[in-house]
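Novice: For reference, the sequence and a predicted model appear below.
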Amino acid sequence: QAQGGGWSMEHGAFESQGEVEAWLGQAAEMAGRDLLSEDMAKFLDQHDHIIRRDDFCYPTCDPDHGSSELCTYMCGNSLGLQPAKTKQYVNEELDRWAKLGVRGHFEGEGRHWAKIDDLLQSPMACVVGAKDQEIAVMNGLTANIHLMFVPFYRPTQERYKVIMEAHAFPSDRYIVESQVRFHGFDPHDAMVLVSPRQGEQTLRISDILDVIQREGPQACLVFFPGVQYYTGQLFDMKAITAKGHEQGCVVGFDLAHAVGNVELHLHDWEVDFACWCTYKYLNAGPGSIAGTFVHEKHGSDSTLPRFAGWWGHDDSTRFDMTKPFKAEVGARGFQLSNPPILQCVSLIASLEIFSKCGMKALRSKSEIMTGYLLMLFKRRLAGHVTSITPENPQERGCQLSIIFDKPVKMMFAALSSYGVVCDMREPDVIRLAPCPLYNTFHEVYLHDLDSILHPNCPINQVYRVVDMLVKLNAMTQDELAALMSK
C-alpha cells in the first residue's frame, strides 16, 4: 500500500489466501521484483516497520559447537524467544533479594514484589482486549482452568454437559474428564465432542453452532480453544460465545495458542472466562506464569464459589491477616498465592515489546507473513505438500500445519538440517509459525526449501539408508533371500 510516497504493510481484512497472494503480487509488481524471488523477500523486509528483532535473543544453528550462524526460528507456537531484557530484569530482582531480603516486598528502588501484579495487569489486558480488573496473572494454565471450573462449571441433573472439540489439546481433555467425574457424572455422557466432518481436518463454525443449539438445553458450559493446537485453526470466539449465551451456557476459552498471536476482544465478546500460558507467543520463558480473564459481570459476584487463597484477598487488607476472606474485586480475587517474581519480570520484559507494537499491527503483518509462507510452499513444492490450516486468514493465526507426501520424520530432519527450528506432531504434521515480532520475510523465504525434497539432500540419503536397514532387520530369512536373488 502506498503511503505518503512510501509503502506500508497496512491492508484491509483478507478473506482468502487468494487475496493475500494478490496483495503480494501487487507489491511485487510495484517493486519490480519476481514474486517468488529472494529479492522480493528482502524488499518486504525493507518495508517492515513492525519487527522488533533486536529486542530478542536469537538462537544459532549449533550452539554446542560454537556456531555463529543464526537458525530460522519458527517455533513460537511451542516456545517463544527470550526478550533481550529478560536476563537484566531477572538479575535486578536477584540483586534486590540479595541486598534487601524480605524488605524487597515493600522497600527500596525498583519493583516492589508485593505490587508486582500492578505492573502486569494493564499491558496484559491490552493484549487480550480486556479491562484491567478482568485480568489476573497467576499459576499455570492447567491449574487456572481447573480453578475457573469451580465457579463456572456448576452442573445440575438437567444441565451438566460440556461442549468442546473432539481433538482438543490432551490437557484440556483431562481437565474436563476429571471435573465431570468429580461432580459425579459420566464423561461419555457429559462430554459433547464436536468433530470435523468426515474427510475434513478442521471444524466448520456452522457445525459448532449447530451442536451448541442442539445440546445447549442440557449443557452448562461451552469450552473451546481460541486456536487449535494441531491444525492452527482460529475459531470464531465471538460467534461461539453469543450462541452459548443464547442457550444459557457459560462460555470459556483456552487461549494458549491465541494470546499474542491474534487479536482478542474478550470483554466486548462477553466471554465469561479464559486462560492462557505465556511461554508461546508471549515469550515469557519455559513454564512461565499464566494468565486468566474473568469478565467484569462476574468479577464482583461474591456468590460465586471459588477456591480462595490469601493473594486473592482484598489488597488493602491482605497483609492485615483478617478474617473472613474478602475477595479482591475482579479476576485477581481468584488468585491463590503470591506470584513468582522472576517469572513475572520475564513476562514484563515481553509485554513491554508488545506495548510498542500493539496487536493490530502485529496481526496485520502476521496475515501477510503466514500467507507468504503458504504461497511459497504451494508454488515451490507444488504437489508435494498440503496445508491442513484454513486458507482464510480470518480462520488462522501465525501457524501453518503442513503435511508432506514423504515421511514426516524425514522432512522434519531435512528442515532441521537447513537450520529451520519447527516442530513435528504425530502422525504426519510439521508446524511452522512465523512470528511477526522477530521473524523476517527473508527467513520465511526458506532459501533451501526447494532442496528438502531432492534425492541428493544429505539427510534424505541418510534417512533412506536407515529406513532400508530397519526394513531389512524386520525381514524373514526367506524374504531376504528373495530380495538378494533379484
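Specialist: Looks like it arrived, so ask away.
Novice: alpha carbons only for contacts and neighbour counts from here, please
Specialist: Will do.
Novice: And the residue positioned nearest the centre of the chain, how far from Glu29?
Specialist: For the chain, the residue nearest the mean C-alpha position is His257 (2.0 Å; CA atoms, centre = their mean). Separation of His257 from Glu29 (CA to CA, to the nearest Å): 35 Å.
Novice: Can you tell me how far the residue nearest to the centre of the chain is from Arg159?
Specialist: For His257, the distance to Arg159 - CA to CA - is 29 Å.
Novice: Now do the phi/psi pair for the residue nearest to Trp113 when sequence neighbours are not counted.
Specialist: Counting by CA to CA, 6 or more residues apart in numbering, Trp113 lies nearest to His105, which is 4.3 Å off, once chain neighbours are set aside. The phi/psi pair for His105 (degrees, to the nearest 10) reads phi -70, psi -30.
Novice: Pull up the per-residue confidence for His105.
Specialist: Looking at His105, its pLDDT is 96.
Novice: Was I right to think it contacts Trp97?
Specialist: No: checked against CA atoms under 8 Å, the pair His105 and Trp97 is beyond contact range at 9.3 Å.
Novice: so the residue nearest to the centre of the chain, which of the three states?
Specialist: Secondary structure, DSSP: H, G, I helix; E, B strand; the rest coil: His257 is coil.
Novice: That one: what's it in contact with?
Specialist: Asn77, Pro225, Gly226, Val227, Gln228, Tyr229, Lys280, Tyr281 (CA atoms under 8 Å, 6 or more residues apart in numbering).
Novice: Apply 10 Å and report the result again.
Specialist: Contacts of His257 were listed using CA atoms under 10 Å, 6 or more residues apart in numbering, and they are 76-78, 225-230, 232-234, 276-278, 280-282, 397-399.
Novice: what's the distance between it and Val408?
Specialist: As judged by CA to CA, His257 and Val408 stand 23 Å apart.
Novice: Just the CA coordinates for the longest helix along the chain, please, in CSV.
Specialist: Ranked by number of residues, the top helix in the chain under DSSP state H is helix 359-380. What follows is helix 359-380, C-alpha atoms only, in CSV (Å, rounded to 0.1, in the frame of the first residue of the first chain):
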residue,chain,number,x,y,z
MET,A,359,-1.8,-6.4,18.5
LYS,A,360,-3.5,-4.8,15.5
ALA,A,361,-0.1,-4.0,13.8
LEU,A,362,1.3,-7.4,14.7
ARG,A,363,-1.8,-9.2,13.3
SER,A,364,-1.6,-7.1,10.1
LYS,A,365,2.0,-8.3,9.4
SER,A,366,1.2,-11.8,10.5
GLU,A,367,-1.6,-12.3,8.0
ILE,A,368,0.8,-11.3,5.2
MET,A,369,3.8,-13.3,6.5
THR,A,370,1.9,-16.6,7.1
GLY,A,371,0.1,-16.2,3.7
TYR,A,372,3.5,-15.6,2.1
LEU,A,373,4.9,-18.8,3.6
LEU,A,374,1.9,-20.8,2.5
MET,A,375,2.2,-19.4,-1.0
LEU,A,376,5.9,-20.4,-1.2
PHE,A,377,5.1,-23.9,-0.1
LYS,A,378,2.3,-24.2,-2.6
ARG,A,379,4.2,-22.9,-5.5
ARG,A,380,7.7,-24.1,-4.9
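Novice: mind listing what's buried in the longest strand seen in the chain?
Specialist: For the chain, the longest strand by residue count, based on DSSP state E, is strand 219-225. Of all the residues in strand 219-225, those buried under the rule 16 or more other CA atoms under 10 Å are Ala219, Cys220, Leu221, Val222, Phe223, Phe224, Pro225.
Novice: Need those in CSV (columns: distance to Cys71).
Specialist: Shown next, in CSV, are the buried residues of strand 219-225 (distance: CA to CA, whole Å):
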residue, distance to Cys71
Ala219, 47
Cys220, 47
Leu221, 43
Val222, 40
Phe223, 37
Phe224, 34
Pro225, 30
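Novice: mind putting these in CSV, pLDDT and distance to Met321 included?
Specialist: Formatted as CSV, those follow (pLDDT from 0 to 100; distance: CA to CA, whole Å):
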residue, pLDDT, distance to Met321
Ala219, 98, 40
Cys220, 98, 36
Leu221, 98, 35
Val222, 98, 37
Phe223, 98, 36
Phe224, 98, 38
Pro225, 98, 38
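Novice: can I assume Leu453 sits in a strand?
Specialist: No: according to three-state DSSP, Leu453 belongs to no strand; its state is coil.
Novice: for this protein, which spans come out with low pLDDT?
Specialist: 1-8, 454-486 (pLDDT under 70).
Novice: burial of Thr278, as a residue count?
Specialist: As a burial measure, Thr278 scores 29 neighbours (other CA atoms under 10 Å).
Novice: same check, this time on the one 10 residues further on
Specialist: For Ser288, the tally of surrounding residues (other CA under 10 Å) stands at 23.
Novice: before we move on, what about the one 4 residues further on?
Specialist: Neighbours of Thr292 under the rule other CA under 10 Å: 28.
Novice: With adjacent residues omitted, what lies nearest to Leu119?
Specialist: Of all residues not flanking Leu119 in the chain, Ile348 sits nearest, at 7.5 Å (CA to CA, 6+ apart).
Novice: Could you give the secondary structure assignment for that neighbour?
Specialist: Per three-state DSSP, Ile348 ends up helix.
Novice: my guess is it meets Lys87, correct?
Specialist: No: counting by CA atoms under 10 Å, Ile348 stays clear of Lys87, with 11.7 Å between them.
Novice: what residues are shared contacts of these two?
Specialist: Leu342.
Novice: okay, those two: which has more neighbours?
Specialist: Ranked by neighbour count (other CA under 10 Å), Ile348 and Lys87 place Ile348 first, with 24 against 14.
Novice: hang on, isn't Arg425 packed against Val408?
Specialist: Yes: with contact defined as CA under 10 Å, Arg425 counts as touching Val408 (8.9 Å).
Novice: More neighbours: which of those two?
Specialist: Val408 (19 against 13).
Novice: and the more buried one, what does it touch?
Specialist: Ile402, Ala414, Met424, Arg425, Glu426, Pro427, Asp428, Val429, Ile430.
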